[in-house]
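S.K.: Got a predicted structure here, sequence first:
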Amino acid sequence: MGQTDKLRALLAEEGALVLPGCFDALTARLIERAGYSGAFMGGFAVSASRLGAPDTGLISYSEMLDQGRNICAAVDFPVIGDGDTGYGNAVNVQRTVKGYADAGFACVMIEDQVSPKKCGHTQGKQIVSRDEAFSRIQAAVDAREAGANILIMARTDANATDGMDEAILRARTFADIGADITFLEAPNTIEEMTAYCDGVPGPKMANMVEGGETPFLPPEQLAEIGYKVIIYPISLMLAGLQVMEDALASIKGGSHPDNLAGFGHLRDVVGFPEYYDVEKQYTTD
């Protein structure tokens, strides 16, 4: 079964699908080893890890695609990839959808912000017109129907600019167009989250960002509200950031960092044992 079919099957199961966020092949592999059913590759974390830059449209399609190809090749579970605005007009959206499918993603997210976009939980967001937003998602759905083996997630950031009524209207229309999953970014209250889930058909995604605009709720409550997919896009990055800063402070102070993983464990995670097994098959000694 391919990754897209695996994701379809997961969406058909009871309960919510919890997906931690990855930003490189190593974090994707850690998520898989921890027993999760999939992962989410978000633009915020990739931009931070690859460029050391904010999620403000600075990272390009080719950079995101390259990162995603490495991530998808490192694991054997579905990965949802952030396709931002599609990187241009409707024709660019179709190229993005096809490229993400070829890279191995099970689903691509396309949003209705203007380009350059901004992180959904920061200031200064702007959205395109309804017609342009609907055109983007139609182009993405058409690319899927033309043979791109990938699901389409349609995102709206309209709540921050035009309010919940507009956001729900857009999300509902995205579902009518044929999006497999919808995502209303940054609802500010549980009431807004409930209104979205009650007002839009099909699978819906919740974005749990520590310190973000949306109430941070446990998976069980999110499932009760009506969410099917729950992502934690920066949790691993926040955890790693704290530990790495502590380690750097220890080294600078002349002491050895505490609570480090063992070198043997790192070798195991990145696949040295499997490498040695294959190497033995082809030895000429």
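M.R.: Structure's in. What do you need?

S.K.: need the strands for the chain, in chain order.
M.R.: Assigned by DSSP state E, the chain shows strands spanning 17-22, 39-41, 79-82, 107-111, 151-156, 181-184, 205-207, 229-232.

S.K.: Turn those into CSV, including distance to Leu222 and mean neighbour count.
M.R.: Backbone N, C-alpha and C define where each C-beta goes, glycine included. What follows is those, written out as CSV (distance: least, Cβ to Cβ, whole Å; neighbours: other Cβ atoms under 10 Å):
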stretch, distance to Leu222, mean neighbour count
strand 17-22, 9, 24
strand 39-41, 15, 28
strand 79-82, 16, 28
strand 107-111, 18, 27
strand 151-156, 16, 28
strand 181-184, 13, 26
strand 205-207, 5, 26
strand 229-232, 5, 22
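
S.K.: His121 is nearest to which of the ones you listed?
M.R.: When the strands of the chain are compared by Cβ to Cβ, strand 205-207 sits nearest His121, at 8.1 Å.

S.K.: what's next to that closest one, contact-wise?
M.R.: Where contact means Cβ atoms under 8 Å, 6 or more residues apart in numbering, the residues beyond strand 205-207 that reach it are 120, 153, 181-183, 185-186, 193, 214, 217, 222, 225, 227-231, 233.

S.K.: what's the single longest helix in the chain?
M.R.: helix 235-252 (DSSP state H).

S.K.: Hey, what's the angle from it to strand 17-22? Just curious.
M.R.: Here helix 235-252 runs at an angle of 40 degrees relative to strand 17-22 (axes from the mean of the first three to the mean of the last three Cα atoms, to 10 degrees).

S.K.: got the buried residues for helix 235-252?
M.R.: Buried residues in helix 235-252, counted by 16 or more other Cβ atoms under 10 Å: Leu236, Met237.

S.K.: Could you list the residues in contact with it?
M.R.: Contact with helix 235-252 is made by 20-23, 27, 30-31, 45, 48-49, 208, 210, 256-260, as judged by Cβ under 8 Å, 6+ apart.

S.K.: Give me the buried entries from those residues.
M.R.: Using 16+ other Cβ under 10 Å, the buried members of the contacts of helix 235-252 are Pro20, Gly21, Cys22, Phe23, Thr27, Leu30, Ile31, Ala45, Ala48, Ser49, Met208.

S.K.: just so I have it, where are all the helices in this structure?
M.R.: Under the criterion DSSP H, the chain carries helices at the ranges 3-12, 25-33, 43-46, 61-74, 90-103, 130-145, 158-161, 164-177, 190-199, 219-225, 235-252, 263-270, 272-281.

S.K.: most neighbours per residue, which of these?
M.R.: Among the helices of the chain, helix 43-46 has the highest mean neighbour count (mean count of other Cβ atoms under 10 Å), at a mean of 25.

S.K.: what does that one contact?
M.R.: For helix 43-46, using Cβ under 8 Å, 6+ apart, the contacting residues are 21-24, 55, 59, 63-64, 67, 82, 84, 117, 119, 233-234, 236-237.

S.K.: re the thing from before, tell me the one of the buried ones among the contacts of helix 235-252 nearest Val128?
M.R.: Ala45 (24.5 Å).

S.K.: Grab the nearest non-local neighbour of that closest one.
M.R.: Using Cβ to Cβ, 6 or more residues apart in numbering and skipping residues adjacent in sequence, the residue nearest Ala45 is Phe23, 3.7 Å away.

S.K.: And the pLDDT for the one you found?
M.R.: On pLDDT, Phe23 comes in at 98.

S.K.: Surely it touches Gly42?
M.R.: Yes: the pair Phe23 / Gly42 is scored as a contact, 7.5 Å apart, by Cβ atoms under 8 Å.

S.K.: For the residue nearest to Ala45, list the residues it contacts.
M.R.: So Phe23 contacts Met41, Gly42, Ala45, Val46, Ala48, Ser49, Arg50, Gln67, Leu236, Met237 (Cβ under 8 Å, 6+ apart).

S.K.: With Gly15 instead?
M.R.: When contacts are counted by Cβ under 8 Å, 6+ apart, Gly15 touches Ala223.
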